[in-house]
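Asker: Mind looking at a prediction? Sequence and model below.
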Amino acid sequence: MSEQRSPEETVRRWREEAGRDGAVLLDGFHALKHALRFGAEIRAVVADDPDAVRALAAELAPDVAPEVGRLVLRAPLKDLLPRVHPTGVAALAVRPDRAAGRAALARRPRPAPIVVLDNPRNLGNVGAVVRLAAGFGATGVVTRGDLDPWHPNVVRAGAGLHYATTVERLALEELPAGPLYALDPEGADIRGLTLPDDALLAFGSERHGISPELRARADHLVSLPMRPQVSSYNLATSVAMTLFHWGGPPAGARGGEDA
């Protein structure tokens, strides 16, 4: 492919797109790969060495390699980003329509649970949860509180898998319908429960746990097995254990990559 823009023009276009409302930074090849696989609208892709990125796509993701090859343009990443990803590529995508996301969360019957994060504080943990939810086929991830679940650091930690599920921030009164199971040390042992497909699975903040208002709204309190004197699990670990107990993708479904 012959590049049609100069690096200077590509930089100008990048900055223009980055300034648009709803622009999402995809930092690194794996975020770009997943966004493309799950239908994201990509507005710009830049790399210091486009040919190296094309070769990486051909090796790691041949299904999206033609699209990567068409989109990627040369530009100095250090002039556009505070930190350059080791894979040497970044992209800008469009955030999915929020009304459509809310409609997807509210749709019944629900084939898989929704993960609810109650006032999470750590951006990386939220991204890890999005990645888990996408892998398990959860209907979506909903956050409560002031953390933006589409923050660039969350999208980076989620490896672009925001586009493989629905990710929204909602108030308590906006939560979709369905039985709410809140993870709490005083709850019933999860091993004795069956989690329904239409459940809302709520997890508290890393430091304070479930908020009093969400606890009051819960239909069931659920606890994970834990050895005495161990304080807690990491948020993403708790979500993984709970989704695994729910059931996950159909038996025989296989993922192909670790990154």
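Answerer: Okay, I see it. Residues are numbered from 1 along each chain as shown.

Asker: Toward the C-terminus, what is the element adjacent to the longest helix seen in the chain?
Answerer: The longest helix of the chain (DSSP state H) is helix 123-136. Using DSSP states H and E, the helix or strand that follows helix 123-136 in sequence is strand 140-144.

Asker: From the contact counts, what lies against that following strand?
Answerer: Helices and strands touching strand 140-144, by 3 or more CB pairs under 8 Å, 6 or more residues apart in numbering; DSSP states H and E, are helix 98-106, strand 114-118, helix 123-136, strand 166-169. To be clear about C-beta, it is placed using only N, CA and C from the backbone, and glycine gets the same treatment.

Asker: Buried residues in the first one, which are they?
Answerer: Judged by neighbour count (16 or more other CB atoms under 10 Å), helix 98-106 contains these buried residues: 101, 102, 104, 105.

Asker: Residue 231 is nearest to which of the helices and strands packed on strand 140-144?
Answerer: Residue 231 lies closest to helix 123-136 among those, at 15.8 Å (CB to CB).

Asker: What is the three-state secondary structure of residue 57?
Answerer: On the three-state scheme (DSSP: H, G, I helix; E, B strand; the rest coil), residue 57 is labelled helix.

Asker: Pull out the buried positions in the lengthiest strand in the chain.
Answerer: What stands out as the longest strand in the chain, according to DSSP state E, is strand 180-189. Within strand 180-189, the residues scored as buried using 16+ other CB under 10 Å are 180, 181, 182, 183, 184, 187.

Asker: circling back to that earlier point, most packed of the helices and strands packed on strand 140-144?
Answerer: strand 114-118 (a mean of 25; mean count of other CB atoms under 10 Å).

Asker: and the angle from that strand to helix 98-106?
Answerer: 110 degrees (axes from the mean of the first three to the mean of the last three CA atoms, to 10 degrees).

Asker: For the stretch 151-259 of the chain, give me the ranges with low pLDDT.
Answerer: 206, 252-259 (pLDDT under 70).

Asker: Going along the chain, name the strands of it.
Answerer: Using DSSP state E, counting those that start in this stretch, the strands of the stretch 151-259 of the chain run over 166-169, 180-189, 200-203, 220-223.

Asker: Could I get those strands in a markdown table, plus columns for distance to residue 47?
Answerer: Listed next are those as a markdown table, based on distance: least, CB to CB, whole Å:
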| stretch | distance to residue 47 |
| --- | --- |
| strand 166-169 | 26 |
| strand 180-189 | 41 |
| strand 200-203 | 37 |
| strand 220-223 | 45 |
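
Asker: Could you single out the nearest of the buried residues of helix 98-106 to residue 79?
Answerer: Out of the buried residues of helix 98-106, the member with the shortest distance to residue 79 (by CB to CB) is residue 101, at 33.0 Å.

Asker: mind listing what residue 148 touches?
Answerer: Counting by CB atoms under 8 Å, 6 or more residues apart in numbering, residue 148 touches 154, 169.

Asker: name the element it belongs to?
Answerer: Applying DSSP H and E, one finds residue 148 in no helix or strand.

Asker: Give me the pLDDT value at it.
Answerer: With respect to pLDDT, residue 148 has a value of 96.

Asker: From residue 191, how far off is it?
Answerer: According to CB to CB, to the nearest Å, residue 148 and residue 191 sit 35 Å apart.

Asker: what about the helices in this protein?
Answerer: Ranges of helices within the chain are 7-18, 29-37, 50-60, 65-71, 98-106, 123-136, 152-157, 212-217, 235-246, based on DSSP H.
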